[in-house]
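Participant: Test case, fold it:
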Amino acid sequence: MIDLSVLLSILLCSFRLSAQVQPDSISDNIISVIPSFPPKFVDGGDEGLKKYISTHVKYPKEARKKNKSGLVLVKFSIDTAGNLTNVMVRKSSGHPLLDEEAIRVVSSTNGKWIPGTLDGKLIIVDYILPVRFTLK
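Facilitator: Here you go, the predicted structure:
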């Protein structure tokens, strides 16, 4: 019997995280910086996010039948209200069904974030979150 599991690689060092800060000048450039306080998943921070993703992800039946596995890098922004925006696949697993499920489960965290701050001001923060699908 095959034990199916989805692993979420969510170690803090595996995140790519940066803030978008509008400069004070009249320029269209955006400055990337590390926030003073990054956004936090409301239900337990990094460990809570790991648990949430692993319990809410649904391994696509067709992908399971075809023995498909892989890593999806999901990019998204957390706005100043704690909402997700611009959720997209940054790097595909090579399997559209896995990519779609990674987008779905990450998108389901919308509204479950405390926004990031920089120097006491709320900021938009970009994340890249790896979601690994593994058949065991």
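
Participant: which SS class is residue 122?
Facilitator: Under DSSP: H, G, I helix; E, B strand; the rest coil, residue 122 falls in the strand class.

Participant: distance of it from residue 81?
Facilitator: As for residue 122, its distance to residue 81 is 8 Å (criterion: C-beta to C-beta, to the nearest Å). All C-beta atoms are positioned from the backbone trio N, CA, C, and that covers glycine.

Participant: shared neighbours, the two?
Facilitator: residue 115 (C-beta atoms under 8 Å, 6 or more residues apart in numbering).

Participant: Quick check: which element contains residue 125?
Facilitator: Using DSSP states H and E, residue 125 falls within strand 121-135.

Participant: Pull out the buried residues from stretch 57-71.
Facilitator: 57, 59-60, 63, 68-71 (16 or more other C-beta atoms under 10 Å).

Participant: That stretch: end-to-end distance?
Facilitator: End-to-end distance for stretch 57-71: 14 Å, by C-alpha to C-alpha, to the nearest Å.

Participant: got the contact list for that stretch?
Facilitator: Contacts of stretch 57-71 with the rest of the structure, by C-beta under 8 Å, 6+ apart, involve 4, 6, 8-9, 91, 93-95, 97-98, 100-102, 105, 130-135.

Participant: State the distance from the closest residue to residue 95 other than its chain neighbours to residue 108.
Facilitator: Leaving aside its sequence neighbours, residue 95 sits nearest to residue 68 (C-beta to C-beta, 6 or more residues apart in numbering; 4.5 Å). To residue 108, residue 68 is 21 Å away according to C-beta to C-beta.

Participant: Could you do residue 131 as well?
Facilitator: Distance from residue 131 to residue 108, by C-beta to C-beta: 12 Å.

Participant: Neighbour count for the two, which is higher?
Facilitator: For residue 131 versus residue 108, the count of surrounding residues by other C-beta atoms under 10 Å is larger for residue 131: 26 against 14.

Participant: beta partners for that one?
Facilitator: Applying DSSP bridges to residue 131 gives these bridge partners: residue 72.
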